[in-house]
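Novice: Predicted model and sequence follow; I will ask about them next.
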Amino acid sequence: QVQLVESGGGLVQAGGSLRLSCAASGRTFSDYAMGWFRQAPGKEREFVSDITWNGGRTNYADSVKGRFTISRDNAKNTVYLQMNSLKPEDTAVYYCAARTRGPYNHWGQGTQVTVSS
């Protein structure tokens, strides 16, 4: 079992940047692929980005491609999401998730990101 705690959310103006962190504890962090998801008010949770266990491969939603960068530091048991050129439509609760095989089945509590216009 792995426990996930997100941090780094906040209020930022459009065009600004934030870096989210997700600290993992419990099982060996490098056993897991890691992902970031988000949920805006009144909307379904959506995929943002993910990264393989060793950082060798990353994926991004089209809406964030070129603006967001996912990375991980297995020595620190942490995954990051660098968010640049933020837009009001990026406003959401951002969740960190982990999986070994199959769907993501470990989730953090979320961190709020609010982008003002």
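Specialist: It's in.

Novice: Model confidence for the closest residue to Thr78 other than its chain neighbours, exactly?
Specialist: Nearest residue to Thr78 in three dimensions, chain neighbours excluded: Ala23, at 5.2 Å (CB to CB, 6 or more residues apart in numbering). (C-beta placed from N, C-alpha, C; glycine too.) pLDDT, the model's per-residue confidence, is 97 for Ala23.

Novice: what's across from Ala23 in the sheet?
Specialist: Val5, Thr78 (DSSP bridges).

Novice: in this structure, which spans are helices?
Specialist: Read by DSSP state H, the chain holds no helices at all.

Novice: most centrally placed residue in it?
Specialist: Trp36 (2.9 Å; CA atoms, centre = their mean).

Novice: so that one makes contact with Ala92?
Specialist: No: the pair Trp36 / Ala92 is not scored as a contact, 10.5 Å apart, by CB atoms under 8 Å.

Novice: residues contacting the residue lying closest to the residue nearest to the centre of the chain once chain neighbours are set aside?
Specialist: Nearest residue to Trp36 in three dimensions, chain neighbours excluded: Val48, at 4.3 Å (CB to CB, 6+ apart). Under the criterion of CB atoms under 8 Å, 6 or more residues apart in numbering, the neighbours of Val48 are 35-38, 60-61, 64, 68, 81, 94.
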